[in-house]
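> Mind folding the following:
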Amino acid sequence: MANEMSLARVEAQTIAVVKARIKMTDVPAAMFPMMDKVWAFIRSRGLTGHAHNVWLYRGYPPGDMDVEIGVQLKPPFDAEGDVVQSQTPSGLAAHTHHYGEYEALPQVHQGLVSWCMDQGHALAGVSWEIYGDWDDDPAKRRTDIYHLCADAG
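Reported below is the predicted structural model:
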């Protein structure tokens, strides 16, 4: 079943993240230790108001890209060590959602990028994934995927 693609006006969301510069070939192996740091930060402070995991990417292969790996979290909170406060982008973004195995996400991203090109929407080079609640059944795992449009203002 093909993913439904659309444009959405999105608001910035506060996220607690660890930032890094990585190679695309290091996804997701490099990111899981980053997630572990963020969740350890949240648990050690007893922070409430947290929601879903967010993986944000700036740049496209080939080469390195900047990533922000973290969790939606209500502000304010004090940064500590590698964990800092950031935000998802706001503005006009291409959007789709995927139900299923995470291994399919690169193809879903490519499908959304292709859809943007076909529709004449220039991209700003920032994309992100918001991971829904975990389910043992992969068919029930929802991931929302966004690509910020260049005319995002």
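> got a list of what residue 12 touches?
Residue 12 is in contact with 87, 88, 89, 90, counting by Cβ atoms under 8 Å, 6 or more residues apart in numbering. For glycine as for every other residue, the C-beta is placed from the backbone atoms N, C-alpha and C.
> 6 Å - rerun?
87, 88, 90 (Cβ atoms under 6 Å, 6 or more residues apart in numbering).
> separation between it and residue 88?
Distance of residue 12 to residue 88, given as Cβ to Cβ, to the nearest Å: 6 Å.
> same check, this time on residue 69
According to Cβ to Cβ, residue 69 and residue 88 sit 12 Å apart.
> the more surrounded of those two?
Shown here are residue 69 and residue 88; by other Cβ atoms under 10 Å, residue 69 has more neighbours (27 against 22).
> secondary structure element for that one?
Assessed by DSSP states H and E, residue 69 sits inside strand 64-73.
> mean confidence for whichever helix or strand comes after that strand?
The helix or strand immediately downstream of strand 64-73 is strand 83-87, counting by DSSP H and E. Averaged over strand 83-87, pLDDT sits at 96.
> Just want the angle from strand 83-87 to strand 64-73.
Going by axes from the mean of the first three to the mean of the last three Cα atoms, to 10 degrees, strand 83-87 is angled at 90 degrees with respect to strand 64-73.
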